[in-house]
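A.B. asks: here is the input, now give the coordinates:
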Amino acid sequence: MPKDKAKFHVGQIIHHSLFDYIGVIFDIDPTFQGTDEWYEHVARSRPPKEKPWYHVLVNEMPHTTYVAEQNLKPADEPQRIVHPLADSLFSEFDGERYKLRQPSH
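C.D. replies: Numbering: from 1, shown residues only. Next comes the predicted model:
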């Protein structure tokens, strides 16, 4: 499934409905790309592996998360994300979404 079939997009500010945090999507996998061991230990709600999964920078935390589409919703009030990787991954925030930084040639 191409990334354009995903419900959310890179640079979008999201809210994790189970763990109640805000973040920004920085990459999308069309299907689950983790290990079976990770899925068994971490994905306790058993979200579908055949739907998109998202790589997320978590606001005001130093880590990233890997989240199933079913656990995300658009943030009610998009905001700038405070994360150590935000400036290296994104070039700007327009008040709604982040723009992915273009690779240097």
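
A.B. asks: partners of the longest strand anywhere in the chain, with directions?
C.D. replies: Longest strand in the chain, counting residues (DSSP state E): strand 22-29. Note on strand 22-29: by DSSP bridges, its sheet partners are strand 13-16 (antiparallel), strand 53-58 (antiparallel).

A.B. asks: take those strands and write them to JSON lines, including mean pLDDT.
C.D. replies: Shown next, in JSON lines, are the strands paired with strand 22-29 (pLDDT from 0 to 100):
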{"stretch": "strand 13-16", "mean pLDDT": "98"}
{"stretch": "strand 53-58", "mean pLDDT": "98"}
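
A.B. asks: out of those strands, which is closest to Glu92?
C.D. replies: strand 13-16 (13.5 Å; CB to CB). Where C-beta positions appear, they are placed from N, C-alpha and C, glycine not excepted.

A.B. asks: distance from that closest one to the middle of the chain?
C.D. replies: Strand 13-16 sits 8 Å away from the centroid of its parent chain (CA atoms, centre = their mean, to the nearest Å).

A.B. asks: where does the chain have its least confident helix or strand?
C.D. replies: Least confident helix or strand, the chain: helix 36-42 with a mean of 93, by mean pLDDT, DSSP states H and E.

A.B. asks: quick one: buried residues of that one?
C.D. replies: Neighbour-count burial for helix 36-42, counted by 16 or more other CB atoms under 10 Å, picks out Tyr39.

A.B. asks: switch to numbering from 7
C.D. replies: Sure, I'll start counting at 7 from here, so that last one is helix 42-48.
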